[in-house]
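J.: Mind looking at a prediction? Sequence and model below.
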Amino acid sequence: MHRNYFGTDGVRGRVGEAPITPELVMHLGYAAGKVLTGGAQQGTAVDNPAVLIGKDTRISGYMLESALQAGLSAAGVDIYLSGPLPTPAVAYLTRALRLQAGIVISASHNPFEDNGIKFFSSTGDKLPDALEQQIEQRLEDAIVTAPSAALGKARRLNDAPGRYIEFCKSTFPTDLDLRGLKLVVDCAHGASYHVAPHVFHELGADVVAIGNQPDGVNINRDCGATHPQALAETVREAQADLGIALDGDGDRVIMADRAGTVYDGDQLLYVIARHRQRTGTLRGGVIGTLMTNFGLERALEDCGISFARARVGDRYVLEKLHEVGWQLGGENSGHIICLDKHTTGDGIVSALQVLHALRASAKPLAQLTADLALYPQVLVNVRVERGQDPRQEPHVQASVREAEARLQGRGRVLLRPSGTEPVIRVMVEGESVDLVKELAEEIASTIRRLARAA
């Protein structure tokens, strides 16, 4: 199914360039309003339709929020505005408030110059491809403004952060608390800055908050889940027990222990899965992606937990979970989905599931992950022109074949275009870290030469 605007996580791009322009986003709001409230989900049209708009802390959020609001109002849709709020909070509140859709203005882990629009259905799920295709088709239609009396109205949802804080706390066992733990919480100067520290503090932890001073342009800059070194250093300096790093929109989590060791999504997923297996609460197996470390697959199978892979992207992990009837899945980037707790990936909720395992077992992260031996895995991002995909170029294919031959069947090579930014991701995995670094850079160099020539 060809899509001009929607990627793996909504519509995303550089602010001021199509599709992230005020004009197109206004039209997107109108098209989404018509599709999401006109019977596409329920089979019948909706009376007095309403949607929730949340955003992260990027300065462009003000402009795009106004554009979306104008388009939705023209379609006759009422709007609730939450202000800065994590992506999973919008999913939760859309469902809790019985709204027809939730919309998030965010480019997640990308730099502030980028932004995006992603949608949730009335049930708090990410939209399926078919529904996104319907919205794209409506973008070809002219905006026909509703009669004045039928225009959508906007109102501010002032208690949104507090509602979400209580929801997050409800996913942690009532017979446990975090008293005696000192936690560093890195909010990536993003949407969780006024939420995440409160969740962990109200559960009893001593919280040191960093990355909680957003200024519109510092989101994800040398902090958060994409730059966990800042977290690890602060954990050591503060002599904290653990560190929790979120990304700009709050749906990823990476952790660090008091020794400064960083734990990625694969390791945290293993901790949650093993805890649920021991307590008899693991339903089915675990879903990973093509990027999931082979070491996690082997470790889960060694302890009798089934494992399957989905396409890269948390939406595809979610689809696979629904398909097979399991509840737990995730990516090494820190997207972790616990369907018994939430309808989508949630960094705070996932961190609480790890903390549950730690508190219940009275063991540190290092001990809970001791049986998991990750293969060295190197990921190199090669910037290309938008729409350019050099994977079928003969020189690139030859470079991949040579790398696979040198791995001798004890590793993997994966090339894929990012669904959220104009890069080709080159991943090489194997037993030797020096070899996988060398092979990844050789393939990346080949792609760079082709990109420059193009």
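T.: Perfect, I can see it now.
J.: Where do the strands of the stretch 101-250 of the chain begin and end?
T.: 101-105, 114-120, 154-156, 182-186, 206-210, 242-246 (DSSP state E, counting those that start in this stretch).
J.: On the strand side of things, show who Phe207 bridges to.
T.: Careful, residue 207 is Val; it's not Phe. Beta-bridge pairing of Val207 under DSSP bridges involves Leu183.
J.: Now do it: how many residues are near it, please.
T.: With neighbours defined by other CB atoms under 10 Å, the count for Val207 comes to 21. For every residue, glycine as well, the C-beta is placed using N, CA and C.
J.: Correct me if wrong: it contacts His201.
T.: Yes: using CB atoms under 8 Å, Val207 and His201 qualify as a contacting pair, with a distance of 4.6 Å.
J.: If you tally nearby residues, what's the number for Thr226?
T.: 20.
J.: Would you confirm that it contacts Asn110?
T.: No: with contacts counted by CB under 8 Å, Thr226 stays clear of Asn110, the gap being 9.1 Å.
J.: I'd like the strands of the stretch 101-250 of the chain laid out as TSV, including mean pLDDT and distance to Ile336.
T.: Converted to TSV, the strands of the stretch 101-250 of the chain look like this (pLDDT from 0 to 100; distance: least, CB to CB, whole Å):
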stretch	mean pLDDT	distance to Ile336
strand 101-105	97	18
strand 114-120	96	18
strand 154-156	97	31
strand 182-186	98	17
strand 206-210	98	21
strand 242-246	98	12
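J.: So which of these is nearest Ala370?
T.: Ala370 sits nearest to strand 242-246 of all the strands of the stretch 101-250 of the chain, at 16.6 Å, using CB to CB.
J.: what's the angle from the next helix-or-strand element following that closest one to strand 182-186?
T.: Counting by DSSP states H and E, the element after strand 242-246 in chain order, helix or strand, is strand 253-257. Going by axes from the mean of the first three to the mean of the last three CA atoms, to 10 degrees, strand 253-257 is angled at 140 degrees with respect to strand 182-186.
J.: Quick check: which element contains Tyr270?
T.: helix 265-279.
J.: distance between that helix and the chain's centre?
T.: In this view, helix 265-279 has its centroid 19 Å away from the chain centroid, taken as CA atoms, centre = their mean, to the nearest Å.
J.: returning to what we had before: could you save the strands of the stretch 101-250 of the chain as a markdown table and add columns showing distance to Ala70?
T.: Conversion of those to a markdown table gives the following (distance: least, CB to CB, whole Å):
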| stretch | distance to Ala70 |
| --- | --- |
| strand 101-105 | 13 |
| strand 114-120 | 14 |
| strand 154-156 | 10 |
| strand 182-186 | 35 |
| strand 206-210 | 35 |
| strand 242-246 | 31 |
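J.: Looking at those strands, spot the one closest to Val286.
T.: strand 242-246 (21.3 Å).
J.: For that closest one, name the packing helices and strands.
T.: Other elements packing on strand 242-246 under the criterion 3 or more CB pairs under 8 Å, 6 or more residues apart in numbering; DSSP states H and E are strand 182-186, helix 196-202, helix 229-238, strand 253-257, helix 347-361.
J.: Contacts for that strand next, please.
T.: With contacts defined as CB atoms under 8 Å, 6 or more residues apart in numbering, strand 242-246 is touched by 86, 181, 183-188, 190, 192, 196, 200, 211, 223-225, 228, 230-232, 234-235, 252-258, 347-348, 351, 355, 358, 365.
J.: go again using 6 Å as the cut-off
T.: Residues external to strand 242-246 that are found in contact with it (CB atoms under 6 Å, 6 or more residues apart in numbering): 183-188, 192, 224-225, 228, 231, 235, 253-257, 347, 351.
J.: Can you tell me the closest non-neighbouring residue to Gly304?
T.: The shortest distance from Gly304 to any residue other than its chain neighbours is 7.6 Å, reached at Gln277 (CB to CB, 6 or more residues apart in numbering).
J.: All good on my end, thank you.
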